[in-house]
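S.K.: turn this into a structure:
(4 chains)
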Protein chains: 2
Amino acid sequence: MISAYPDCGEHGEDNAMNMELSGRAKPSPDKSQRVLERDITDNDSVGIGLNAAIVAVLDNEPVALVVRQDPDRIGATDVLPFGPFSPRDHRTLEGGLRSWVRDQTGLDLGYAEQLYTFADRGRLPEPGDDDAPHVVSIGYLALTEATSHHGLTHGIWRSWYQYFPWEDWRRSRPDIIGAEIEPRLKLWADRPSTASTQQRSVTRGDRVRMCFGLDGASWDEEKVLERYELLYEAGLTDEALRDGRTAAQAWTDRPKLGAAMQSDHRRILATAIGRTRAKIKYRPVVFELMPPDFTLYELQKTVEAILGPHLHKQNFRRLVEGAGLVEPTGDVKTRTGGRPAKLFRFRREVLLERPAPGVRVSAAPSRN
Amino acid sequence: MISAYPDCGEHGEDNAMNMELSGRAKPSPDKSQRVLERDITDNDSVGIGLNAAIVAVLDNEPVALVVRQDPDRIGATDVLPFGPFSPRDHRTLEGGLRSWVRDQTGLDLGYAEQLYTFADRGRLPEPGDDDAPHVVSIGYLALTEATSHHGLTHGIWRSWYQYFPWEDWRRSRPDIIGAEIEPRLKLWADRPSTASTQQRSVTRGDRVRMCFGLDGASWDEEKVLERYELLYEAGLTDEALRDGRTAAQAWTDRPKLGAAMQSDHRRILATAIGRTRAKIKYRPVVFELMPPDFTLYELQKTVEAILGPHLHKQNFRRLVEGAGLVEPTGDVKTRTGGRPAKLFRFRREVLLERPAPGVRVSAAPSRN
DNA sequence: CCACATATACTCCGTTAGAGTATATGTGCG
DNA sequence: CGCACATATACTCTAACGGAGTATATGTGG
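M.R.: Below you'll find the predicted structure:
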């Protein structure tokens, strides 16, 4: 009766949902009178962290803006721009985020949207741990053009795939899946799981198959978070070891699966990638990543940098133009190595017309 | 160059996004060294509220579970089940939510997902207000069957449309739009707006048109939050007056637009409605609202309760069956007033197959 | 037993997305 | 100078799907 929804996130806006699976706890005594006395007291105060996954496309490579912190310290890892939400200084959550990003990187954010609020990671409470996390992380996705036009002074653009090598399907299926991930996840799926997970109707094996497209299941490029979570849960990420997860300590030959990040930042970045991949398909957000004028081929390359597989060129052009998303500037771009390409710009007016569509995608069979 | 995205939320998972419009603040001095000293101190501690919008369908009416608080007090309003997140008591955010809901209503939640985290409402900081909000609200959407099977002891089911009468398009366009909302919003759109809003490329008039489908624009049933926000901003909701918004005090004949709720609960409910309407189309979540066995007609009526317009019966059946979402139980339901209907149940296995689809909708022209 | 109501099966057709083919118009090298 | 090459762009074909209508089956209630 109760849904144990698997982590399947086609449209991906809710990538981060359903992570705490909906198992019911035993009924507790009726304390409904507490409704009258529940107030938010100082005992329940927690710190709120604002975290920015800032995404761009640089030379056809999808990148995120990271700050390297204490490079000399051992175990130093990358961080996303972040800082605490301070009600005194910040009128809004997003305002606080923009302020932190400006301070730390010099960048003035353009498009930004909230992703998800995480609380169950970073000093993850193991059974018997009373010192539960007192920090809640609110993740944001920001999209920007990868130039220094917007004031960028600190921070470096790093490819998504340094953190998530198994997500890089641009050439073909990444070797790391078959060589490292698949065999270990299958081992993990066969391990006896703890009581809390045994109640689920969706087994570990099911989740592994769905997430990584094994045994005939198809690869869903939006399930970025689900895949990372699965690896974390199986103890296969550095963060899991850092957090003292027993599953991580159980491996004698734990492979290196991408670069780790501080705190739960890789989790937030995974959410951002999944959301970007999903949203680009149904909202005109690619244009946040583009310069004002661009050719349709450049637009296609940017979409492909985000989504991975190669698109069908002719159909891409027809769909983009047909949807009224762009209008020609009148100029052309020469020296493209062939016939000059017309330059286009984003038609901002579409946002005021019908519910604005995204960029329709259609995979190319061979390559054209 | 910078997008001032209007509040258009077709797929709706991000209904609550883009509310703080992406205007850039002036560049601030380079304080990037703060990156090393920023820690979440007690000074930045805030309270976190967990709020549950629990949705069901009762006699073909979409309803939410509310608790009436202090019914004798003047100005008493409904509240959603809620309580503070207490890191000591709650392992996870969702766990805390489930615990509060159980305490206050007796209900054991099934499906639940996080909606959005709000911080800029409820004692909304007007210019010069230093006592900024110290409470952040995390909204959750829960879907359940509207029976007492799950332990419900407190709280009452109230129709969505008591809070949002302008959303009720089941019969036809609600009169309240043309009679009350449209003329006042047009007045408000023509008022000189403050500096912060003048910079936007999307005007108030544009937003009004888009949100309420005026001047030929089409009605988008998913833009529930955007519409509520617009009414709040224009000072047309009771909450806006309660919060001391100047826009609310400017009206001499402010109409009553739906029942108000405490704090930002109506905002959270609006987010929940928009998300439900969006998600039902691309994920099989309707079944969370259904009993185990049901007829296809009952399923259709439930979908219609959520989405509003009448669907094309034959196509609905074909699409639902064709998507493999349901399987016949073998039984039939008699006494339907006509030919007995086959009973179906949800095929939970679809969640393990291809990215599980939702219920495809196709509006019926007349009615069949 | 007949009117009625609902359930269910089947057909038709226009739109669209996927895929392929053909043509236009530059660059750069021999 | 002109030809190979590369890219841009226009056009065609087709299978799938969704919107819409029609016909038939099988109950209930007067």
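S.K.: and the strands in chain A?
M.R.: For chain A, the strands defined by DSSP state E cover A:47-58, A:61-68, A:78-79, A:82-84, A:111-118, A:135-143, A:156-159, A:293-295, A:326-333, A:341-346.
S.K.: list the strands paired with the fourth one, with their directions.
M.R.: For strand A:82-84, the pairing partners within the sheet under DSSP bridges are strand A:47-58 (antiparallel).
S.K.: can you redo the strands of chain A as TSV with mean pLDDT?
M.R.: Formatted as TSV, the strands of chain A follow (pLDDT from 0 to 100):
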stretch	mean pLDDT
strand A:47-58	95
strand A:61-68	94
strand A:78-79	94
strand A:82-84	94
strand A:111-118	97
strand A:135-143	95
strand A:156-159	94
strand A:293-295	92
strand A:326-333	88
strand A:341-346	91
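S.K.: out of these, nearest to DNA strand D?
M.R.: Checking these against DNA strand D by C-beta to the nearest atom of the strand gives strand A:341-346 as the closest, at 3.3 Å. Every C-beta, even on glycine, is put in place using the N, C-alpha and C of the backbone.
S.K.: is DNA strand D contacted by that closest one?
M.R.: Yes. For strand A:341-346, a contact with DNA strand D is found by C-beta under 7 Å from any atom of the strand, at A:341, A:342.
S.K.: for stretch A:326-339, same thing?
M.R.: Yes. Stretch A:326-339 is in contact with DNA strand D by C-beta under 7 Å from any atom of the strand, via A:332, A:336, A:337, A:338, A:339.
S.K.: what does the stretch 201-350 of chain A put close to DNA strand C?
M.R.: Residues of the stretch 201-350 of chain A lying near DNA strand C (C-beta under 7 Å from any atom of the strand): A:312, A:314, A:315, A:318, A:319, A:322, A:334, A:335, A:337, A:338, A:339, A:340.
S.K.: how about the residues of the stretch 201-350 of chain A near chain B?
M.R.: Within the stretch 201-350 of chain A, the positions lying close to chain B (C-beta under 8 Å from any C-beta of the partner chain) are A:201-202, A:206, A:209-210, A:218, A:220, A:279, A:282-283, A:287-288, A:292, A:348.
S.K.: farthest-separated two in the residues of stretch A:326-339 next to DNA strand D?
M.R.: A:332 and A:337 (13.7 Å; C-beta to C-beta).
S.K.: dump the strands of chain A to JSON lines, plus mean neighbour count and distance to residue A:270.
M.R.: Shown next, in JSON lines, are the strands of chain A (neighbours: other C-beta atoms under 10 Å in any protein chain shown; distance: least, C-beta to C-beta, whole Å):
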{"stretch": "strand A:47-58", "mean neighbour count": "24", "distance to residue A:270": "9"}
{"stretch": "strand A:61-68", "mean neighbour count": "21", "distance to residue A:270": "11"}
{"stretch": "strand A:78-79", "mean neighbour count": "20", "distance to residue A:270": "14"}
{"stretch": "strand A:82-84", "mean neighbour count": "24", "distance to residue A:270": "16"}
{"stretch": "strand A:111-118", "mean neighbour count": "23", "distance to residue A:270": "10"}
{"stretch": "strand A:135-143", "mean neighbour count": "25", "distance to residue A:270": "10"}
{"stretch": "strand A:156-159", "mean neighbour count": "16", "distance to residue A:270": "14"}
{"stretch": "strand A:293-295", "mean neighbour count": "18", "distance to residue A:270": "28"}
{"stretch": "strand A:326-333", "mean neighbour count": "14", "distance to residue A:270": "31"}
{"stretch": "strand A:341-346", "mean neighbour count": "18", "distance to residue A:270": "28"}
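S.K.: residue B:65 is nearest to which of these?
M.R.: Closest approach to residue B:65 among these (C-beta to C-beta): strand A:111-118, 22.2 Å.
S.K.: off-centre distance for that closest one?
M.R.: A distance of 10 Å separates the centroid of the chain from that of strand A:111-118, by C-alpha atoms, centre = their mean, to the nearest Å.
S.K.: now do that strand: which elements does it pack against?
M.R.: If contacts are counted by 3 or more C-beta pairs under 8 Å, 6 or more residues apart in numbering or on different chains; DSSP states H and E, strand A:111-118 sits against helix A:93-105, strand A:135-143, helix A:265-282, strand B:111-118.
S.K.: need the ones you listed in CSV (columns: distance to DNA strand D).
M.R.: Output for those, formatted as CSV (distance: least, C-beta to the nearest atom of the strand, whole Å):
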stretch, distance to DNA strand D
helix A:93-105, 32
strand A:135-143, 23
helix A:265-282, 16
strand B:111-118, 24
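S.K.: can I get the ones you listed in a markdown table with distance to residue B:156?
M.R.: Converted to a markdown table, those look like this (distance: least, C-beta to C-beta, whole Å):
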| stretch | distance to residue B:156 |
| --- | --- |
| helix A:93-105 | 32 |
| strand A:135-143 | 31 |
| helix A:265-282 | 36 |
| strand B:111-118 | 20 |
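S.K.: for residue B:141, find the nearest of these.
M.R.: strand B:111-118 (5.2 Å).
S.K.: may I have the closest one as PDB, with CA atoms only?
M.R.: What follows is strand B:111-118, C-alpha atoms only, in PDB (Å, rounded to 0.1, in the frame of the first residue of the first chain):
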ATOM      1  CA  TYR B 111       4.100   9.400   0.000                       C
ATOM      2  CA  ALA B 112       5.900  12.700   0.800                       C
ATOM      3  CA  GLU B 113       8.300  14.900  -1.000                       C
ATOM      4  CA  GLN B 114      10.000  18.200  -0.300                       C
ATOM      5  CA  LEU B 115       8.600  21.200  -2.000                       C
ATOM      6  CA  TYR B 116      10.600  24.300  -1.300                       C
ATOM      7  CA  THR B 117      12.200  26.300   1.500                       C
ATOM      8  CA  PHE B 118      10.800  29.700   2.200                       C
END
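S.K.: what lines up beside it in the sheet?
M.R.: strand B:135-143 (antiparallel).
S.K.: and the partner strand, how far out from the chain's middle?
M.R.: On C-alpha atoms, centre = their mean, the centre of strand B:135-143 falls 10 Å from the chain's centre.
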